[in-house]
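# Sequence first, predicted coordinates after that:
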Amino acid sequence: EQRYKLLKEDDLVTCAAVMAAFMLTYVTFLSSMLVSSSRGGGYDNEMPREQSCRKEKGLGQRLYSAHQNAHEAFPSFAAAVCMSLVLASTVNSPTVGARMGPEVAGLAWLFVVYRLLHWLCYAVNVPNLRTFVFMGGLQATTLIFAKTLLGFTCLRD
């Protein structure tokens, strides 16, 4: 309990969303690896990217693409949340421990839900819906940046 003293409950919920988004990048890899392994010849641990790009077609290739996209989307999301945490503790309060708030926590978990849906859309090959949910995740990240930098609020008092 003592080590979390500086973080408020909403902040812990937000940090848990960052951890979940990070773990999704490896869940997507695991799904790609399992599909690749189930095909003839097993998983090529020596040249995994070559296997995914050249040998795999259909589901295996889509899952690997989902894995790559998850790694591309995560850094900006993590940066938005980190910026929110840092600025909340330095701008909003003279003491460390100010909170990011429930809006950032909600947007962070919305990002995670969109990324999970994005992975599923890749798996079942629904490209139009996949694009829509990708844009939803991007919007969630953009709103975290906007709330942090511009004081934009999603909730009404």
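Now that the structure is in, tell me what you want to look at.
# for this structure, which helix is longest?
The helix spanning the most residues in the chain, taking DSSP state H as the definition, is helix 59-90.
# what's stretch 105-116 in contact with?
10-11, 13-14, 17-18, 20-21, 24, 70, 73, 77, 81, 133-134, 136-137, 140-141, 143-144, 147, 154 (C-beta atoms under 8 Å, 6 or more residues apart in numbering). Just so you know, the C-beta spots here come from the backbone N, C-alpha and C atoms, and that holds for glycine as well.
# Give me the buried subset of the residues you listed.
The neighbour-count criterion (16 or more other C-beta atoms under 10 Å) marks 10-11, 13-14, 17-18, 20-21, 24, 70, 73, 77, 81, 133-134, 136-137, 140-141, 143-144, 147 among the contacts of stretch 105-116 as buried.
# from the residues you listed, which ones fall inside helices?
Among the buried ones among the contacts of stretch 105-116, the members falling in helices (DSSP H) are 10-11, 13-14, 17-18, 20-21, 24, 70, 73, 77, 81, 133-134, 136-137, 140-141, 143-144, 147.
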